[in-house]
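Student: fold the following.
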Amino acid sequence: MRDNRFTSTSRVCVAANSGRSRLPYLGFALACTSLLVAAGIDSSVKFTDVTTAAGIKFTHNAGRSGKKWLPETMGSGVAFADLDGDGKPDLVFLNGKDFIAKGRHTTASFYKNNGNGTFTDITKGSGLDIEIHGMGIAVGDFDNDGRDDLYVTALDGDHLFHNDGGGKFRDVTKESGIDNAKFGSSAAWVDYDRDGKLDLFVANYVQWTPTGDLWCSLDGTAKSYCTPESYKGTASKLYRNLGNGKFQDVTQQAGLGDATSKGLGVVVFDFNMDGWPDIFVANDTQPNKLYRNLGNGKFKEEGLSAGVAFGEDGVARGAMGADFADYDRSGKPHLAVGNFANQMMGLYHNEGNGLFVDEAPRSAIGRATLLSLTFGLFFFDYDLDGYPDIFTANGHLEEEIGRVQPKIQYAELPLLFHNIGGGKFESTAAFSKPMVARGAAFADFDGDGDLDVVVSNNNGAAVLYRNDGGNKNHWLQLKLVGRTSNRSAIGASVRVTAAGGKQWQSVHSGSSYCSASDLTLTFGLGKDTVASTVEIDWPSGKHQRLDKVAGNMRLVLNEPQ
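Tutor: Okay, here's the model as predicted:
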């Protein structure tokens, strides 16, 4: 049984956060921290801003033209990925570019992890140093050569970058047959047909061009950024990997060509646990989509019948980032979805019968996220107690929103929800710096066992947070390498059993908003020093078991031949 003695105190912090327009952000954070300490809660886990110390100097260019064009609000994603195979996650920040030339040349930034807490900018000459209006990034080894490749969505046409090794990437978009020239957002690699080759799903947003930009206003006088209701949607894309570097657009025959969608988030997860990866699309002001994989190359859309299409009031919400996890150890994957301001986060509990129930309205999460506009969002076990927690990266679209909605802020605090067991979460006061956050990802960048966080801010500087103190509990990290399955092992499911109970995770691409977290799985073991069993179900159907695995280790596990 988990310790719930701080429930009432945490709710005080949640209530204060809900009215934070009347409180200075820093004062709110310090007040809540004091309350947590007074209640006897372990507040020794800190997220320390180490951006400068780590050598990160990336600033995002939103391409602001003074015309209040929609794409200027969207920001870009970020990826934690071991791109040189040395076991240390590197960083890739996507960037925008000027809509009206100002003499600047802004590109993505590629930072190599030095292994000592610092990074080195190796962008120049990497092949990633091209000027595009980048949006989302997905990481996966599409040709099974042992090196993870990058797919980048962009307002001006997507790019597939082949990892040639040595920190060099080659743009192979044209020869690959991928031709997504729409307003791409989040993307995910998925072996939907389980043939051992990674296929690609791309969420597209809305139909927008500079000449087609619409005039909207908050006050009836000055132009403001339009919300997506004003624009027509566009279909997402599914590209089947044919091998030899070639892809085929199979969107229509797969049943995924819904032209009303306005996709911003993608989650690939086997929601009905039948062994076939399903796809959830978080839509902005349109019903969310849940595509069930039928196992024959086709999908069936079941968002409405599953209960994830709308909010509790039956209205489509402004959904952005999303992720999944078995947060209550029920053995089923549950879903979290970040939404627009005045629309609380969705926390959809998987009932196991094809139905999800949104737990947010009656939880601390619902109250704490009501005023936030959430883009990046993910589950991760920040204190390694074996129960996945939730991080949200928040920030509004309109700088002047406070004039018409005084309780809403443009720059907002990231939120961290601690999983206290029993399917319940409590708000923490882990962050004190409001940001206009968009992309967010996690990885153990410093190799100390606990998970760190990176945030990409729209038209602002990125922030790298180091987790200090999370590794007081024990942990186990597993890097899976497919052989018959795809080399990145995307789709593999891992179950870990220890004295403290059972938990599971799967290797997956996508999730969050336009971002990619490290593909290495981190399991918190709490006070247990040994996992009694580690069981792996590979996408190929092979089953692997290890007994008595010592904690506080990073293991590389190859799929049995």
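Student: rest of the way, CA atoms for contacts and neighbours
Tutor: Will do.
Student: tell me where the stretch 101-250 of the chain has strands.
Tutor: For the stretch 101-250 of the chain, the strands defined by DSSP state E, counting those that start in this stretch occupy 109-113, 119-121, 134-140, 149-154, 159-165, 168-171, 184-190, 199-204, 216-217, 223-224, 237-243, 246-249.
Student: any chance of a markdown table for these, columns distance to R403 and mean pLDDT?
Tutor: Shown next, in a markdown table, are these (distance: least, C-alpha to C-alpha, whole Å; pLDDT from 0 to 100):
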| stretch | distance to R403 | mean pLDDT |
| --- | --- | --- |
| strand 109-113 | 35 | 98 |
| strand 119-121 | 40 | 98 |
| strand 134-140 | 29 | 98 |
| strand 149-154 | 32 | 98 |
| strand 159-165 | 39 | 98 |
| strand 168-171 | 45 | 98 |
| strand 184-190 | 29 | 97 |
| strand 199-204 | 32 | 98 |
| strand 216-217 | 12 | 84 |
| strand 223-224 | 12 | 85 |
| strand 237-243 | 39 | 98 |
| strand 246-249 | 46 | 98 |
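Student: out of those strands, flag the one nearest R438.
Tutor: strand 134-140 (10.2 Å; C-alpha to C-alpha).
Student: give the buried residues for the closest one.
Tutor: Within strand 134-140, the residues scored as buried using 16 or more other C-alpha atoms under 10 Å are 134-140.
Student: let's have the residues you listed in TSV, adding distance to P333.
Tutor: Shown next, in TSV, are the buried residues of strand 134-140 (distance: C-alpha to C-alpha, whole Å):
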residue	distance to P333
G134	30
M135	27
G136	24
I137	23
A138	21
V139	22
G140	22
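Student: mind listing the helices for the stretch 151-300 of the chain?
Tutor: 173-176, 251-254 (DSSP state H, counting those that start in this stretch).
Student: quick one on the thing from earlier: rebuild the strands of the stretch 101-250 of the chain as JSON lines, extending it with distance to N353.
Tutor: Listed next are these as JSON lines, based on distance: least, C-alpha to C-alpha, whole Å:
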{"stretch": "strand 109-113", "distance to N353": "44"}
{"stretch": "strand 119-121", "distance to N353": "46"}
{"stretch": "strand 134-140", "distance to N353": "31"}
{"stretch": "strand 149-154", "distance to N353": "34"}
{"stretch": "strand 159-165", "distance to N353": "38"}
{"stretch": "strand 168-171", "distance to N353": "44"}
{"stretch": "strand 184-190", "distance to N353": "24"}
{"stretch": "strand 199-204", "distance to N353": "26"}
{"stretch": "strand 216-217", "distance to N353": "43"}
{"stretch": "strand 223-224", "distance to N353": "44"}
{"stretch": "strand 237-243", "distance to N353": "27"}
{"stretch": "strand 246-249", "distance to N353": "32"}
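Student: what's the closest of those strands to D383?
Tutor: Ranking the strands of the stretch 101-250 of the chain by distance to D383, with C-alpha to C-alpha as the measure, places strand 109-113 first at 23.0 Å.
Student: about what we covered before: to G75, which of the strands of the stretch 101-250 of the chain lies closest?
Tutor: strand 134-140 (6.8 Å).
Student: quick one: residues in contact with the closest one.
Tutor: Under the criterion C-alpha atoms under 8 Å, 6 or more residues apart in numbering, residues 74-79, 81, 94-96, 108, 148-155, 184-189, 198, 488, 490, 509-510, 513-516 lie in contact with strand 134-140.
Student: swap in 6 Å and give it another go.
Tutor: Strand 134-140 has contacts (C-alpha atoms under 6 Å, 6 or more residues apart in numbering) with 76-77, 94-96, 148-154, 185-188, 514-516.
Student: just the buried residues out of the residues you listed, in ChimeraX syntax.
Tutor: Of the contacts of strand 134-140, the buried ones can be selected in ChimeraX as follows, counting by 16+ other C-alpha under 10 Å:
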select :76,77,94,95,96,148,149,150,151,152,153,154,185,186,187,188,514,515,516
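Student: which one of the strands of the stretch 101-250 of the chain lies nearest to N293?
Tutor: Among the strands of the stretch 101-250 of the chain, strand 184-190 comes nearest to N293, with 11.5 Å by C-alpha to C-alpha.
Student: any idea of the angle that closest one forms with strand 199-204?
Tutor: Strand 184-190 and strand 199-204 are oriented at 160 degrees to each other (axes from the mean of the first three to the mean of the last three C-alpha atoms, to 10 degrees).
Student: ok, the nearest residue to D323 once chain neighbours are set aside to S485 distance?
Tutor: Leaving aside its sequence neighbours, D323 sits nearest to S511 (C-alpha to C-alpha, 6 or more residues apart in numbering; 4.9 Å). Distance of S511 to S485, given as C-alpha to C-alpha, to the nearest Å: 21 Å.
Student: which one's more surrounded, the two?
Tutor: Between S511 and S485, counted using other C-alpha atoms under 10 Å, the more crowded position is S511 (33 against 25).
Student: was I right to think the more buried one contacts F324?
Tutor: No: between S511 and F324 there is no contact under C-alpha atoms under 6 Å: 7.9 Å.
Student: can you confirm D323 is in a helix?
Tutor: No: secondary structure of D323 (DSSP: H, G, I helix; E, B strand; the rest coil): strand, not part of a helix.
Student: A462: neighbour count?
Tutor: For A462, the count of nearby residues is 23 (other C-alpha under 10 Å).
Student: now the nearest residue to it once chain neighbours are set aside: which helix or strand?
Tutor: Closest residue to A462 apart from its sequence neighbours, by C-alpha to C-alpha, 6+ apart: S456 at 4.6 Å. In this assignment (DSSP states H and E), S456 forms part of strand 452-457.
Student: partner strands of that strand, with direction?
Tutor: Strand 452-457 sits in its sheet next to strand 437-443 (antiparallel), strand 463-468 (antiparallel), going by DSSP bridges.
Student: show me how far that strand is from its chain's centre.
Tutor: Strand 452-457 sits 11 Å away from the centroid of its parent chain (C-alpha atoms, centre = their mean, to the nearest Å).
Student: again with stretch 512-531
Tutor: Here the centre of stretch 512-531 is set off from its chain's centre by 14 Å, with C-alpha atoms, centre = their mean.
Student: list the buried residues in it.
Tutor: Within stretch 512-531, the residues that qualify as buried are 512-531, counting by 16+ other C-alpha under 10 Å.
Student: contacting residues around it?
Tutor: With contact meaning C-alpha under 6 Å, 6+ apart, stretch 512-531 is reached by 77-81, 136-138, 185-186, 265, 321-323, 375-378, 384-386, 439, 441-443, 473-479, 497-498, 510, 548-551.
Student: filter those down to the buried ones and hand me the PyMOL line.
Tutor: Selection of buried members from the contacts of stretch 512-531 for PyMOL, criterion 16+ other C-alpha under 10 Å:
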select buried, resi 77+78+79+80+81+136+137+138+185+186+265+321+322+323+375+376+377+378+384+385+386+439+441+442+443+473+474+475+476+477+478+479+497+498+510+549+551
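Student: what's the neighbour count on Q561?
Tutor: By the criterion of other C-alpha under 10 Å, Q561 has 8 neighbours.
Student: tell me which of the strands paired with strand 452-457 sits nearest to A429.
Tutor: Closest to A429 of the strands paired with strand 452-457 is strand 463-468 (C-alpha to C-alpha; 14.1 Å).
Student: for the record, mean pLDDT for the next helix or strand after that closest one?
Tutor: Remark: after strand 463-468, the chain's next helix or strand is strand 474-481, criterion DSSP H and E. Mean pLDDT, strand 474-481: 98.
Student: tell me the helices and strands packed up against strand 474-481.
Tutor: Packing contacts for strand 474-481, counted by 3 or more C-alpha pairs under 6 Å, 6 or more residues apart in numbering; DSSP states H and E, involve strand 521-526, strand 553-558.
Student: by how many degrees do it and strand 553-558 diverge?
Tutor: 20 degrees.
Student: distance between strand 474-481 and the chain's centre?
Tutor: Distance of strand 474-481 from the chain centroid (C-alpha atoms, centre = their mean) equals 20 Å.
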